[in-house]
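Visitor: show me the folded form of this:
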Amino acid sequence: MIQGQWDKAWQPVVEAFAQNFSEMGEQGAALAIYCSGEPVVNIWAGVRQNQGAGVVDQTWQEDTCVNIFSVGKALVALCVLQLAERGLLDLDKPVADYWPEFAQENKGHITIRQVMCHRTGLSAFRNLLEYEDIFDWQKMTTEIAALKPWWEPGTAQGYSPFIYGWILGELVKRVSGCASFDDYFQREVAQPLGVRCRFGIPPDQQTALADTAPLKNPNGLAVQSNGADSMALGKIMKADPRGVTNRAFGNPVSFMTATNSPAWRQAQIPAANGHANAVALARIFGALAEGGRLGDVQLLSAAQSQLCSRELSAEDDRVLGLRLRFGHGFMLPQGRPDCRFGRGASAFGHPGAGGALGFADPDYHLGFGYVTSRMGQSLLIDSRVIRLIDAAYQDVLNI
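Guide: Numbering: from 1, shown residues only. Next up is the predicted model:
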């Protein structure tokens with residue numbers, strides 16, 4: 001049963017959301033959309049199935065939060081753009097100007113802008129790490145400072161699934177004076193907008209989260225992707241066990257296996273372990289769709305928010321094995337359904353592993369947030385979300 005509120009004009013989107021449960025194996029999810037700065041859809045359904053909750057009521061609630069995985073990269077980028085606008089960071093200056101230890105292994109010339117568009121060669125750790133290492137911020141930043149790039153920085157694009165977040169998060173921490181990346185994010189983004197999104201969940205709040213698990217269709221079979229998927233990525237990893245793609249996702253193995261654990265949830269892994277609800281993403285991206293402002297909250301100036309959709313890199317990615325376009329920390333559309341953020345030419349956003357998505361479409365004044373507990377196989381935009389986007393644009397906006 002679908003719960004929530006929606007404008008009557010957006011009924012086709014609600015129906016598409018319901019179809020995901022009846023036809024595509026959805027078990028717990030939420031969707032929120034802002035249009036021209038106003039909420040037009042806020043719906044949720046299903047169960048969250050938190051194995052550690054110890055309570056009978058496992059129904060999905062409006063405020064249920066779940067791991068949004070790489071959608072968090074966009075939120076990290078937002079924080080960096082805020083600090084750049086305030087003059088505390090210069091995107092064209094080397095990271096090492098703010099973090100001197102980072103200059104090891106000839107990394108002294110890598111700029112912040114190169115980090116934001118995945119052109120650093122810092123996509124994976126070379127040394128084998130221990131399972132628990134990723135839960136220790138100081139350990140990870142020390143490893144990154146000593147890391148040798150996989151290729152000459154600036155010469156190629158290679159998606160950084162995890163390292164991206166620690167580099168930019170450390171910069172945010174250093175120049176803002178905050179005790180942690182999440183402290184800054186709460187102060188400057190989450191609290192002003194009044195949203196539930198956090199990097200690092202205290203133990204006493206973890207039982208309210210939704211667990212993630214593989215998506216299966218109503219017949220119990222894994223749901224296949226209609227675009228680039230994790231099976232193709234698995235082939236790349238298998239073909240070169242010591243290569244950058246394998247190490248990017250599998251070193252250490254906790255990157256792949258720990259995501260429902262208390263340690264993962266409590267740590268700050270900005271590129272991959274933000275926990276949010278759909279409204280949080282819709283409000284944040286809704287602000288970015290309106291030139292950085294939502295109501296009386298100004299996240300970015302109109303001029304600075306244009307950097308989100310300004311292309312910095314577009315080529316075949318050395319890690320993911322497919323062509324990608326990046327702005328300043330945001331993915332940009334490519335025309336194909338599994339990498340199309342809305343319909344506008346200036347749209348931008350970021351998918352998360354398994355299905356989560358946030359995007360802004362300034363041309364149509366749309367902010368979109370979707371979260372789910374069931375992970376599909378798509379590397380980019382999941383089939384369930386494509387159905388929702390199509391309903392929004394084709395049936396409601398008539399585009």
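Visitor: OK, contacts around Glu315?
Guide: Ala156, Gln157, Arg323, Leu324 (Cβ atoms under 8 Å, 6 or more residues apart in numbering). Backbone N, C-alpha and C define where each C-beta goes, glycine included.
Visitor: show me what the one helix or strand it maps to pairs with in its sheet, parallel or antiparallel.
Guide: Per DSSP states H and E: Glu315 is located in strand 313-316. Strand pairing for strand 313-316, determined by DSSP bridges: strand 323-326 (antiparallel).
Visitor: toward the C-terminus, what is the element adjacent to the partner strand?
Guide: Counting by DSSP H and E, what follows strand 323-326 is strand 331-332.
Visitor: can you tell me what sits against the helix or strand just after that next one?
Guide: Following strand 331-332 in sequence order, the next helix or strand is strand 348-351 (DSSP H and E). Contacts to strand 348-351, defined as Cβ under 8 Å, 6+ apart, come from residues 70-71, 73-74, 285, 288, 308-309, 327, 329-333, 341-342, 357-360, 368, 378-382, 385.
Visitor: centroid residue for the chain?
Guide: Against the mean C-alpha coordinate of the chain, by Cα atoms, centre = their mean, the closest residue is Val71 at 1.0 Å.
Visitor: for that residue, what are its contacts?
Guide: Contacts of Val71 (Cβ under 8 Å, 6+ apart): Gly274, Ala276, Leu281, His350, Pro351, Gly352, Ala356, Leu357, Gly358.
Visitor: and the pLDDT for the fifth one?
Guide: It refers to Pro351. Looking at Pro351, its pLDDT is 97.
Visitor: show me what it is bridged to.
Guide: According to DSSP bridges, beta-bridge pairing links Pro351 with Leu357.
Visitor: count residues in the vicinity of it, would you?
Guide: Neighbour count of Pro351, defined by other Cβ atoms under 10 Å: 27.
Visitor: distance of it from Pro153?
Guide: From Pro351 across to Pro153, the span is 25 Å (Cβ to Cβ, to the nearest Å).
Visitor: next secondary structure after the lowest-mean-pLDDT helix or strand in the chain?
Guide: Lowest mean confidence among the helices and strands of the chain (mean pLDDT, DSSP states H and E): helix 230-239, at a mean of 60. On the C-terminal side of helix 230-239, the closest following helix or strand by DSSP H and E is helix 244-250.
Visitor: thinking in terms of the whole chain, how far from its middle is that following helix?
Guide: Its chain's C-alpha centre and that of helix 244-250 lie 18 Å apart, by Cα atoms, centre = their mean, to the nearest Å.
Visitor: helices or strands next to it in the packing?
Guide: Here helix 244-250 touches helix 230-239, helix 254-257, going by 3 or more Cβ pairs under 8 Å, 6 or more residues apart in numbering; DSSP states H and E.
Visitor: in the helix or strand following the last one, what counts as buried?
Guide: The helix or strand immediately downstream of helix 254-257 is helix 262-266, counting by DSSP H and E. By 16 or more other Cβ atoms under 10 Å, the buried positions in helix 262-266 come out as Trp264, Arg265.
Visitor: and what of stretch 293-310?
Guide: So for stretch 293-310, counting by 16+ other Cβ under 10 Å, buried means Arg293, Leu294, Leu299, Leu300, Gln304, Ser305, Gln306, Leu307, Cys308, Ser309.
Visitor: give me the subset of these lying in strands.
Guide: Among the buried residues of stretch 293-310, the members found in strands (DSSP state E) are Arg293, Leu294.
Visitor: just the closest of the buried residues of stretch 293-310 to Val189, please.
Guide: Val189 lies nearest to Leu299 out of those, by Cβ to Cβ, at 6.6 Å.
Visitor: for Asp97, which non-adjacent residue is closest in space?
Guide: Spatially, and ignoring its direct neighbours in sequence, Asp97 is nearest to Asp90 (7.9 Å; Cβ to Cβ, 6 or more residues apart in numbering).
Visitor: no no, His350
Guide: Looking at His350 with Cβ to Cβ, 6+ apart, the closest residue is Ala74, at 4.0 Å.
Visitor: what helix or strand does that neighbour sit in?
Guide: Using DSSP H and E, Ala74 falls in helix 71-85.
Visitor: after that helix, which helix or strand is next?
Guide: Counting by DSSP H and E, what follows helix 71-85 is helix 112-116.
Visitor: quick check: buried residues in the helix or strand following that next one?
Guide: The first helix or strand that comes after helix 112-116 along the chain, using DSSP H and E, is helix 137-145. For helix 137-145, burial by neighbour count (16+ other Cβ under 10 Å) applies to Trp137, Met140, Thr141, Glu143, Ile144, Ala145.
Visitor: Pro100: which of those is nearest?
Guide: Ala145 (8.9 Å).
Visitor: distance from the chain centre to stretch 178-197, please.
Guide: Counting by Cα atoms, centre = their mean, stretch 178-197 comes out at 16 Å from the chain centroid.
Visitor: can you point out the buried residues in that stretch?
Guide: 178, 180-186, 188-190, 192-193, 195, 197.
Visitor: ends of that stretch, what's the gap?
Guide: One end of stretch 178-197 sits 17 Å from the other (Cα to Cα, to the nearest Å).
Visitor: cool, stretch 61-72 as well?
Guide: 21 Å.
Visitor: what does stretch 135-155 give?
Guide: 31 Å.
Visitor: just stretch 312-325 next, same as before
Guide: From start residue to end residue, stretch 312-325 stretches across 8 Å - Cα to Cα.
Visitor: in it, what's buried?
Guide: Leu312, Ser313, Asp317, Arg318, Val319, Leu320, Gly321, Leu322, Leu324, Arg325.
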